[in-house]
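S.K.: could you work out the structure for the sequence below:
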Amino acid sequence: MVDMSINLAAADMMMASLAQGPVKLGVTDLNISYGGIPALRDVNLTVKEHEIFSIIGPANAGKTSFLKALNRMDTFNTNMKVAGEILFNGLNVRNLKNIYALRSRIGVVFPLPVGLPLTIYENVALSPRLRGINKTSDLDVIVERCLTRAALWDEVKDRLDSLGSLLSGGQQQRLTIARALSQEPDLLMLDEFSIAVDPVTTMRIENVLKELKQDMTIILVTNLVQQARRLADRTAFFLEGECVEVGKTEDLFTGAVKDQRTRDYVEGKFG
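M.R.: Below is the predicted model:
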């Protein structure tokens with residue numbers, strides 16, 4: 001017998017979120033497994049336009065798998081199986097044939113920087129060039145804007161022809177953010193972006209993210225619960241492959257939680 005209470009609860013959560021504002025991303029009954037072993041089970045949530053939506057939870061909670069499913073990265077891993085509905089801008093990403101067009105609208109920043117073997121300038125200019133922008137003056141504007149947004153311009157503006165791989169780890173991470181921004185994405189996903197970044201630079205990037213949500217939607221995966229509290233409008237708590245609850249971030253940190261496990265996690269009792 002199907003547990004209707006679970007489905008009704010998921011529907012209520014989805015409807016409540018829909019009522020609060022335009023939806024950029026809608027996830028219904030998402031299940032992910034690797035080699036038949038479940039990684040995420042029956043996830044239902046929405047992400048609204050122009051919000052910072054954070055996902056918190058301990059290691060192996062399914063946070064990164066969730067991001068991979070949104071961007072169809074399962075195509076790189078034959079062991080990863082995804083079921084359920086993911087609507088991005090109203091289109092089911094699981095049915096899209098042009099995956100590259102989808103990924104051009106969704107920028108991704110991974111925990112550790114992945115630099116291209118190109119100059120700092122060309123790391124950022126590559127995506128615009130692929131979109132057909134080749135005029136130097138136009139590229140100059142894009143490169144400066146993206147590096148500035150990533151809090152890196154002042155440090156590299158005099159050596160744009162140097163290899164990006166020669167930058168420090170924190171600078172390479174910010175270059176990765178600039179490269180993601182050069183796609184002009186509708187959705188920016190950051191997976192533990194501050195792992196390789198010092199605290200001062202982390203705060204600078206956090207300030208940038210607060211500004212960026214005026215232009216795009218941001219999903220932030222973080223193990224740093226206070227980072228989620230500083231940045232996110234709403235937060236989802238993942239644990240052992242389950243989306244335990246979703247709510248306004250401040251509510252989750254001030255005791256208005258529906259599940260004791262959420263309270264225990266944000267209070268640092270495990271994680």
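S.K.: hey, where'd the strands end up in the stretch 1-150 of the chain?
M.R.: Here the stretch 1-150 of the chain has its strands, by DSSP state E, counting those that start in this stretch, at 23-34, 37-48, 52-56, 80-88, 91-92, 106-109.
S.K.: what helices or strands is the third one leaning on?
M.R.: Where contact means 3 or more Cβ pairs under 8 Å, 6 or more residues apart in numbering; DSSP states H and E, strand 52-56 is packed against helix 63-70, strand 217-221, helix 225-231, strand 234-239. (C-beta placed from N, C-alpha, C; glycine too.)
S.K.: chain center to it: distance?
M.R.: 8 Å (Cα atoms, centre = their mean, to the nearest Å).
S.K.: what's the neighbour count on Leu252?
M.R.: Number of residues near Leu252 (other Cβ atoms under 10 Å) recorded here: 27.
S.K.: OK, contacts around it?
M.R.: By Cβ atoms under 8 Å, 6 or more residues apart in numbering, the contact list for Leu252 reads 235, 237, 245, 262, 266.
S.K.: now the strands of the stretch 1-150 of the chain as a markdown table including distance to Gly62 and mean neighbour count?
M.R.: Formatted as a markdown table, those follow (distance: least, Cβ to Cβ, whole Å; neighbours: other Cβ atoms under 10 Å):
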| stretch | distance to Gly62 | mean neighbour count |
| --- | --- | --- |
| strand 23-34 | 7 | 19 |
| strand 37-48 | 4 | 19 |
| strand 52-56 | 9 | 26 |
| strand 80-88 | 12 | 17 |
| strand 91-92 | 21 | 12 |
| strand 106-109 | 17 | 23 |
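S.K.: please convert these to CSV, extending it with mean pLDDT and distance to Ile195.
M.R.: Below are those laid out as CSV (pLDDT from 0 to 100; distance: least, Cβ to Cβ, whole Å):
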stretch, mean pLDDT, distance to Ile195
strand 23-34, 96, 23
strand 37-48, 96, 21
strand 52-56, 98, 15
strand 80-88, 95, 23
strand 91-92, 92, 32
strand 106-109, 90, 11
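S.K.: any idea which of those gets closest to Asp154?
M.R.: Closest to Asp154 of the strands of the stretch 1-150 of the chain is strand 106-109 (Cβ to Cβ; 20.2 Å).
S.K.: contact partners of the closest one?
M.R.: Against strand 106-109 from outside (Cβ under 8 Å, 6+ apart): 67, 70-71, 88, 173, 176-177, 180-181, 183, 185-191, 193.
S.K.: ok, Ala39 - contacts?
M.R.: Counting by Cβ under 8 Å, 6+ apart, Ala39 touches 32-33, 62, 65, 241.
S.K.: what two of the residues you listed are the furthest from one another?
M.R.: Ser33 and Gly62 (10.4 Å).
S.K.: for the most centrally placed residue in the chain, give its distance to Ser137.
M.R.: Compute the mean C-alpha point of the chain, and by Cα atoms, centre = their mean the closest residue is Met189, 2.0 Å away. According to Cβ to Cβ, to the nearest Å, Met189 stands 31 Å off from Ser137.
S.K.: how about Glu250?
M.R.: Distance of Glu250 to Ser137, computed by Cβ to Cβ: 44 Å.
S.K.: these two: which has the busier surroundings?
M.R.: Neighbours were counted for Glu250 and for Ser137 using other Cβ under 10 Å; Glu250 has more, 13 against 6.
S.K.: what's the average pLDDT for the helix or strand encompassing the more buried one?
M.R.: Per DSSP states H and E: Glu250 is located in helix 249-253. Averaging pLDDT along helix 249-253 gives 93.
S.K.: what's the next secondary structure element after it?
M.R.: Scanning forward in sequence from helix 249-253 by DSSP H and E, the next helix or strand is helix 260-266.
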